[in-house]
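[1] Below are the sequence and a predicted model for it; my questions follow.
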Amino acid sequence: MYLSSEEWRVAEYQLSNKPNGTVLPYSAVRTPSGEVVARPNRPQLFNAYASDESGTVSNTFHSFIKMDGEIFALAQGKTPQAILGQGSFGKVKFIQNKKGEVAVVKIETHNETPKEAVILNDLKLNNDIPFSRGKVQRPDKTKFYTHQADLGVSLSKLLRNYELQVCLVEPPDETLDSRTLCLYPKDNTLQCKFMENKNHQLKGGDVISQLKLPMNDDYPGIEASFRNALNDFERLKTHIDGAEKNLPPRLCKKPPLDTGIRQNTLYLYLTDKGLNYAFKTQANKIIRSIPDGEYPYICQALCDTLVDEPLKKRIHASLGLYPHQGVFPLTLDNNRRLQIAIDICLQLDALHRGLSSKSGTPYSHGDIKPENIVMDAKGQCHFIDFGFSDTNPTTPAASLCGTPTYLPWLDFDAPMPTRQRLDLIALKRVLSMPQGLECISGKYYLLKEDREKTSVLTDEMITQLKLAPYLNSTSFSMNDTAMTLSAILITAQLGLGIVYESLLHNSDKSLIIVEYYKKRRNSPTLKKDILTALEETTTLPMRASLVEEGCFEAPQQVAKQQPVKFLAAYFKKNGLRINVDGMDKARALIEAIEAGFTEFHLVKLTHKEPYQIRGIVRAKKFNLNDNETAFLSETTTPHASIALGFCQHPNEAECYLQFCQTLSQLETEIASLAPELKLTAGTLVGRVYSTLTNLKAEGNRCDQFYRFYKEMRGAIKDHYGVLSSNPRLKSLMDLLVSELDSLRVFYPIDHPAQQKKDMPALFFKPQSPNSNPMTSIQIPTFSPKNS
């Protein structure tokens, strides 16, 4: 839209202080000669608008509306440049702000779908741009305006797959076919003629539409090309004798057969020898000839180069048949059709899974059909018109609402399908309208030419890709979803070699294929990556959950490098609403998952500290008794858990726990000691805890234990003299030494004294899987903390 600065000045002065929903009607129009005159049906508005405080009078050639605190100009007229769509509930028009940003507004005379406004506000586009900025009511009329993003051109128009054909004169109506867009000069203007189904009738319904080519920056160049072609034709006519020179010309892309040549038409076509013409005389004699001279512009028209591909796109876009500034090809070949089918399925899958909404709420659409699917300039498909949309798509529908053609035939006593199932049936009919259609309004037999006008996939594609069973829209028995249908189509496109049926029975496979495709579509290794991800069947459920969260590495790698994200995916997969932010706690809970803890126990563990979680996990690993597990769960220090992490045998674990329990009793006694003993006992406990912390599961266990043993004995020896004056402390220290010595049997330590005397190492080692000398070791009985 072109708007002068004067128009914007009037609109801003008139609407700045007005409430949202206020409309400023246009006051004037321009005649073909450029004269400014009053608007025919409201002449009182002419010269009635002030543009500033001084009262300067001016006019507007566009209507304006204030929405969301911003002023927009509404596209003028009823042409495709102004109206995007029109139905029984209202119409959709283009709007533009002062910055030149284009959007659309849905204008309704009844606010019958308030739920739609709520859903539209919640929906988002792929780049998180809001789908809608809300609905406002006009203060002076019962009209409702919904501000929405401009998402492109209706799929119903794109599926017509119009091919631009240049004509030197207006073509007769009977020569038009359903896929031709004729461009020709008439009455000193360029006009277009094509067939369209304005009422969207299922059988037939095509009518001829005739529009003037919009005046824009391309118009002068197109007009000059036609003028040159007409000049060529005038020169060509001088080489034709008789009245036949005045016959209307018809451009043919290939030489016409004699049986196809009719009277009253001059046929122009190309052969190896150049431009040819042919006609049939009144005596039914066919004349073919080659005119002298050069006719470059007629030849360009015949070669389909008079109007190049970018200009064709802009012509289609100006007529509302192609997105403005579109980058994808005009012609819908099989590859493009399959891509469109995949995009539509992915959009519905995102809607059903709550991925299209800011709140994460799943929605059903309720009225899926080509007219409610649009394609933007990048070729991405979107749904529009959410008047029948609802939440909870997996629940049965309350009634059958929508377009009858895309609603299933139901027996009288049949249960009501879910909203999700109704969407899926409509989706399948968009992809391939069945020959024997059974819909809510009856049963019909459709011709192939009628089905092709509304179907994304052709019959040949469906046969070649073996998709027919999965596009059956009359059966309710198939356990499929928009996600599984997306995965089937992606499998067909990439040639993954996966059996379609397996995707119906394994939703994790479908999810992995869909998420890889959505987030790595442009990767040159996409096919290899998907097949690699599907190889490890044991980790498939967890991998599917991680992929859904954007993690494409192996589950083991994610658990190690991104434990918080791994845990979030695990909880989401199992329906647990738990949030864990700490890395250490996440790693501890992952250890619990690997140890086989159930979801019920995991919920309890989330309330404990990481070291407590690890202690409980290792207690389960070594099958410790209830008292031992209780000690690990109640302890306020991580040292017992660290010690268990160092263990490799249940008897070894019991010895370490007994040592830690005795140490805990020693720490408990400190509070009741005299000041001089309290300081010494505290120092001892601190040294022991520090030594325990240095035990690691990695490295040489024997060397680590020897250092641990030496430091422990040294710490006890250094403080024994002072603390032994207290009988209770003396008995606890003696017990610590005894328990420390009992641990030596688990490690092949060669003491220096033994090495000097060539004595054998002091350790016990099982000689065979059936012999376990550990059973002969005397392990101190684990006693309660308060013993």
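    Thanks, I have it.
[2] now what about stretch 624-637, what contacts it?
    Residues from elsewhere that reach stretch 624-637 (Cβ atoms under 8 Å, 6 or more residues apart in numbering): 608, 611-612, 615-616, 618-620, 640-641, 644, 650, 653-654, 657, 660-661, 664, 689, 782, 784-785. (C-beta placed from N, C-alpha, C; glycine too.)
[3] So which of these are in strands?
    Assigned to strands by DSSP state E, none of these qualify.
[4] Turn the buried ones among these into a named ChimeraX selection, would you?
    What follows is the ChimeraX syntax for the buried subset of those, where burial is set by 16 or more other Cβ atoms under 10 Å:
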select :608,611,612,615,616,618,619,620,640,641,644,653,654,657,660,661,664,689,782
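[5] which stretches of the stretch 51-200 of the chain form strands?
    With DSSP state E, counting those that start in this stretch, the ranges of strands along the stretch 51-200 of the chain come out as 57-58, 63-67, 70-74, 83-87, 90-96, 102-108, 132-137, 144-149, 153-154, 163-166, 180-186, 189-196.
[6] Adding mean neighbour count, write these out as CSV.
    Below are the strands of the stretch 51-200 of the chain laid out as CSV (neighbours: other Cβ atoms under 10 Å):
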stretch, mean neighbour count
strand 57-58, 14
strand 63-67, 22
strand 70-74, 21
strand 83-87, 17
strand 90-96, 20
strand 102-108, 20
strand 132-137, 19
strand 144-149, 22
strand 153-154, 22
strand 163-166, 20
strand 180-186, 18
strand 189-196, 19
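[7] Of those strands, give the one that comes closest to residue 678.
    Nearest to residue 678 among these is strand 132-137; the distance by Cβ to Cβ comes to 69.4 Å.
[8] on contacts alone, who are the packing partners of the closest one?
    Packing contacts for strand 132-137, counted by 3 or more Cβ pairs under 8 Å, 6 or more residues apart in numbering; DSSP states H and E, involve strand 63-67, helix 114-122, strand 144-149.
[9] ok, back up a step: nearest to residue 292 among the strands of the stretch 51-200 of the chain would be which one?
    strand 163-166 (23.4 Å).
[10] pLDDT of the closest one, averaged?
    For strand 163-166, mean pLDDT rounds to 93.
[11] Let me have the helices and strands packed on strand 132-137 in TSV, extended by mean pLDDT and distance to residue 355.
    Listed next are those as TSV, based on pLDDT from 0 to 100; distance: least, Cβ to Cβ, whole Å:
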stretch	mean pLDDT	distance to residue 355
strand 63-67	92	28
helix 114-122	84	12
strand 144-149	85	17
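[12] Distance to residue 97 for those - can I get that in TSV?
    As requested, the helices and strands packed on strand 132-137 are exported to TSV (distance: least, Cβ to Cβ, whole Å):
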stretch	distance to residue 97
strand 63-67	10
helix 114-122	19
strand 144-149	11
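[13] Now tell me what touches stretch 96-112 from outside.
    With contacts defined as Cβ under 8 Å, 6+ apart, stretch 96-112 is touched by 1, 3, 8, 65, 67, 70-75, 84, 89-95, 135, 137, 142-151, 324, 387.
[14] 7 Å - rerun?
    Contact with stretch 96-112 is made by 1, 8, 70, 72-73, 84, 89-95, 142-150, as judged by Cβ atoms under 7 Å, 6 or more residues apart in numbering.
[15] Could the C-alpha coordinates of that stretch be exported in PDB?
    Only the C-alpha atoms of stretch 96-112 are listed here, as PDB (Å, rounded to 0.1, in the frame of the first residue of the first chain):
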ATOM      1  CA  GLN A  96      -0.100  -1.600   7.300                       C
ATOM      2  CA  ASN A  97       1.500   0.600  10.000                       C
ATOM      3  CA  LYS A  98       3.500   3.800   9.300                       C
ATOM      4  CA  LYS A  99       6.800   1.800   9.300                       C
ATOM      5  CA  GLY A 100       5.400  -0.100   6.300                       C
ATOM      6  CA  GLU A 101       5.000  -3.400   8.200                       C
ATOM      7  CA  VAL A 102       2.100  -5.500   6.800                       C
ATOM      8  CA  ALA A 103      -0.300  -7.500   8.900                       C
ATOM      9  CA  VAL A 104      -3.900  -8.600   8.600                       C
ATOM     10  CA  VAL A 105      -7.000  -7.900  10.500                       C
ATOM     11  CA  LYS A 106     -10.000 -10.200  10.800                       C
ATOM     12  CA  ILE A 107     -13.200  -8.200  10.800                       C
ATOM     13  CA  GLU A 108     -16.300  -9.900  12.300                       C
ATOM     14  CA  THR A 109     -19.900  -8.600  12.900                       C
ATOM     15  CA  HIS A 110     -20.500 -11.100  15.700                       C
ATOM     16  CA  ASN A 111     -18.300 -11.900  18.600                       C
ATOM     17  CA  GLU A 112     -19.400 -15.600  18.600                       C
END
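[16] Residue 420 is in contact with residue 396, correct?
    No. Shown here, residue 396 and residue 420 do not form a contact pair, counting by Cβ atoms under 7 Å, at 10.0 Å.
[17] Please say which of the two ends up with more neighbours.
    residue 420 (21 against 12; other Cβ atoms under 10 Å).
[18] Look up the closest residue to the more buried one, ignoring the ones flanking it.
    residue 393 (4.1 Å; Cβ to Cβ, 6 or more residues apart in numbering).
[19] In terms of helix, strand or coil, where does that neighbour fall?
    coil (DSSP: H, G, I helix; E, B strand; the rest coil).
[20] For residue 109, see how far away it is.
    Separation of residue 393 from residue 109 (Cβ to Cβ, to the nearest Å) stands at 29 Å.
[21] So for these two, which sits in the more crowded spot?
    For residue 393 versus residue 109, neighbours defined as other Cβ under 10 Å are more numerous around residue 393 (26 against 12).
[22] Quick check, pLDDT for that one.
    93.
[23] dump the residue contacts of it.
    Counted by Cβ under 7 Å, 6+ apart, residue 393 has contacts 352, 362-364, 418-420, 423.
[24] what's next to the longest helix anywhere in the chain, contact-wise?
    Identified as the longest helix of the chain according to DSSP state H is helix 701-723. Residues from elsewhere that reach helix 701-723 (Cβ under 7 Å, 6+ apart): 677, 680-681, 683-684, 687-688, 691, 695-696, 729-730, 733, 736-737, 740, 744, 747-749.
[25] quick one: buried residues of that helix?
    In helix 701-723, counting by 16+ other Cβ under 10 Å, buried: 701, 704-706, 708-709, 711-712, 715-716, 719, 722-723.
[26] Grab the CA positions of it and hand them over as CSV.
    Once non-C-alpha atoms are left out, helix 701-723 reads as follows in CSV (Å, rounded to 0.1, in the frame of the first residue of the first chain):
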residue,chain,number,x,y,z
ARG,A,701,42.7,-48.4,45.3
CYS,A,702,45.5,-50.1,47.3
ASP,A,703,47.8,-47.0,47.2
GLN,A,704,44.9,-44.8,48.2
PHE,A,705,44.0,-47.0,51.1
TYR,A,706,47.6,-47.1,52.3
ARG,A,707,47.8,-43.3,52.4
PHE,A,708,44.4,-43.2,54.1
TYR,A,709,45.4,-45.8,56.7
LYS,A,710,48.7,-44.1,57.4
GLU,A,711,47.0,-40.7,57.9
MET,A,712,44.2,-42.1,60.0
ARG,A,713,46.7,-43.9,62.4
GLY,A,714,48.8,-40.7,62.5
ALA,A,715,45.8,-38.5,63.4
ILE,A,716,44.6,-40.9,66.2
LYS,A,717,48.2,-41.3,67.6
ASP,A,718,48.7,-37.5,67.7
HIS,A,719,45.7,-36.9,69.8
TYR,A,720,45.5,-40.2,71.7
GLY,A,721,47.6,-39.0,74.7
VAL,A,722,45.3,-36.0,75.5
LEU,A,723,42.0,-37.6,74.7
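[27] Could I get the average pLDDT for that helix?
    What helix 701-723 shows for mean pLDDT is 88.
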